[in-house]
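Trainee: Quick one, structure for this:
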Amino acid sequence: MKVAIIGGGAAGFFSAIQVKENYPNAEVFLFEKSQNILSKLKISGGGRCNVTNACDISELSKAYPRGNRFLKRTFYTFNNQDIMQWFESKGVPLVIQSDNCVFPKSQKSQSIIDLFTNETSRLKINTLLGMKANSIIPKDDKLEIHFENKQPLTFDKVIVTTGGSPKKGGFKWLENLNHTVQNPVPSLFTFNMPNESISKLMGVVVENTLVSIQGSKIETQGALLITHWGMSGPAIIKLSSYAARLLNEKDYNFNVKVNWINDKNNTNIQQKLLEIVQLHPHKMLSKIKPFALPERLWLFLLEKTNLSPQKKWNELGKKGINKLVQLFTNDLYTVQGKTTFKEEFVTCGGIDLNNINGNTMQSKLVKNLYFAGEVLDIDGITGGYNFQAAWTTGFIAGKLLD
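Mentor: Okay, the predicted model is just below:
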């Protein structure tokens, strides 16, 4: 049996290894269009490679704005615990951080790259670079791959692991096989706020915020980082993922609503502010930071509400208290544009999951053609989830089941 894997990224390498371990006598070829393999894996996690997330399956499946139902079933076949065990069994020890992100103990993505290249060499998997696939032609029960400036090659089975594409045109060769492609749009990005003075607080981190897109029900929580261009941090990055399509439709011009203390109970907040008034009536507003807000942010918010930092807490009055409650829970900022999150380019979109058999990863439209990784309309929030989707779908595709 001859098997081709098209795409030399995480899903491609893992699929190729699975195929060869399941079918030791098969001839396995791994084709990569560029001269570099595993390039995205190399830079991920700041060069440390966040291989997965150690949460339970229920939490794991919730981390995918697109593809969560599809993946939830597949996680019972191969999940985060399975991939952690796999890496450890292959001699790559892992560490779990306090946020459940999982990294190689070496803190170097090269440990993962070395494992994959050593395994493909040991298993005698043929890795060929500079091989760009332009089309796949079904012929009887076989598949003929046409490459740019190369002779076509015929295979019994093909797994496509070419990753995401910034434009729909990148999926044209797969659309030609009658697959439906969900339009790719960016996911995982930070918010640009060129006309918002909050950027002067660059470097300030607020640990527990609730952020949402004004006019929608999409909201996420977590730490928020103020940058010289606007806002970033886990809360914002997650929001960009869940709202990816909506924000693309808005051409990245929208308002983001920030709840600085992650509390929607206005009465509760009001009560806590009144307690400060009772305990510290003659203290200046600048001297008491409610809800442990960073000092620079607290002074900025006072300025925004036209409340003098020298004002005493017992001089606030009901109107002043209400101003603060409103600002803590419903602070609006205008976003005009986005910035790619680090070097990690992620898109939502790709091959429609309705075209794929989730038990095998085989195309429902083309026999013996399989898919794995980000080429599918699956994407996760930051934290190791996108790699987990690659491992899971790659593991299943590598079984080559009909």
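
Trainee: Domain-wise, how is the protein divided?
Mentor: The chain breaks down by automatic domain parsing into domains covering 2-185+344-397, 189-340.

Trainee: Can you say which of these is packed in most?
Mentor: Sort those by mean neighbour count, taking mean count of other CB atoms under 10 Å, and domain 2-185+344-397 sits at the top with a mean of 19. For the C-beta atoms, the positions are set from N, CA and C on the backbone; glycine is no exception.

Trainee: still on that earlier bit, can I get the domains of the chain in CSV with mean pLDDT?
Mentor: Putting those into CSV (pLDDT from 0 to 100) gives the following:
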stretch, mean pLDDT
domain 2-185+344-397, 96
domain 189-340, 96
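
Trainee: and the closest residue to Gly337 other than its chain neighbours, what is it in contact with?
Mentor: Leaving aside its sequence neighbours, Gly337 sits nearest to Asn192 (CB to CB, 6 or more residues apart in numbering; 3.8 Å). Applying CB atoms under 8 Å, 6 or more residues apart in numbering to Asn192 gives the contacts Trp229, Gly230, Tyr252, Val335, Gln336, Gly337, Lys338, Thr339.

Trainee: What separation is there between the closest residue to the first one other than its chain neighbours and Glu219?
Mentor: Translated: Trp229. In space, and not counting its chain neighbours, Trp229 is closest to Asn192: 5.2 Å by CB to CB, 6+ apart. As judged by CB to CB, to the nearest Å, Asn192 and Glu219 stand 20 Å apart.

Trainee: ditto for Tyr23
Mentor: Tyr23 sits 47 Å away from Glu219, going by CB to CB.

Trainee: Next: Pro281.
Mentor: Distance, Pro281 to Glu219, using CB to CB: 36 Å.

Trainee: Ramachandran angles for Pro194?
Mentor: Note on Pro194: its backbone torsions stand at phi -60, psi -20 [degrees, to the nearest 10].

Trainee: Excluding chain neighbours, give the residue nearest to it in space.
Mentor: Leaving aside its sequence neighbours, Pro194 sits nearest to Gln336 (CB to CB, 6+ apart; 5.7 Å).

Trainee: Could you check how far the one you found is from Cys49?
Mentor: Distance of Gln336 to Cys49, given as CB to CB: 33 Å.

Trainee: Over to Gly233?
Mentor: Distance from Gly233 to Cys49, counting by CB to CB: 21 Å.

Trainee: residues touching the most far-flung residue of the chain relative to its centre, list them.
Mentor: Distance from the C-alpha centroid of the chain, by CA atoms, centre = their mean, peaks at His282 (48.1 Å). When contacts are counted by CB under 8 Å, 6+ apart, His282 touches Lys312, Trp313, Asn314.

Trainee: 10 Å instead, please
Mentor: Lys312, Trp313, Asn314, Glu315 (CB atoms under 10 Å, 6 or more residues apart in numbering).

Trainee: Quick check, the first one in contact with Val277.
Mentor: Yes: shown here, Lys312 and Val277 form a contact pair, counting by CB atoms under 10 Å, at 9.3 Å.

Trainee: Remind me what the helix or strand hosting Val258 packs against, helices and strands.
Mentor: Using DSSP states H and E, Val258 sits within strand 253-259. With contacts taken as 3 or more CB pairs under 10 Å, 6 or more residues apart in numbering; DSSP states H and E, strand 253-259 sits against strand 205-213, strand 219-226, strand 230-232, helix 234-242, helix 244-249, helix 317-329, strand 331-336.

Trainee: a markdown table please, covering the ones you listed and showing distance to Phe103.
Mentor: Shown next, in a markdown table, are the helices and strands packed on strand 253-259 (distance: least, CB to CB, whole Å):
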| stretch | distance to Phe103 |
| --- | --- |
| strand 205-213 | 21 |
| strand 219-226 | 19 |
| strand 230-232 | 21 |
| helix 234-242 | 16 |
| helix 244-249 | 26 |
| helix 317-329 | 35 |
| strand 331-336 | 31 |
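
Trainee: wait, which of those is closest to Phe14?
Mentor: With respect to Phe14, and counting by CB to CB, the nearest of the helices and strands packed on strand 253-259 is helix 234-242 at 22.8 Å.

Trainee: Now do the closest one against strand 331-336, angle only.
Mentor: Using axes from the mean of the first three to the mean of the last three CA atoms, to 10 degrees, the inter-axis angle of helix 234-242 relative to strand 331-336 is 50 degrees.

Trainee: Who are the packing partners of helix 234-242?
Mentor: Using 3+ CB pairs under 10 Å, 6+ apart, helix 234-242 is in contact with strand 181-187, strand 189-192, strand 205-213, strand 219-226, strand 230-232, helix 244-249, strand 253-259, strand 346-351.

Trainee: got the ones you listed as CSV, with distance to Ser34 columns?
Mentor: Below are those laid out as CSV (distance: least, CB to CB, whole Å):
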stretch, distance to Ser34
strand 181-187, 19
strand 189-192, 24
strand 205-213, 36
strand 219-226, 33
strand 230-232, 29
helix 244-249, 26
strand 253-259, 34
strand 346-351, 18
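
Trainee: looking at the ones you listed, which is closest to Asn100?
Mentor: In terms of CB to CB, the element of the helices and strands packed on helix 234-242 nearest to Asn100 is strand 219-226, at 12.8 Å.
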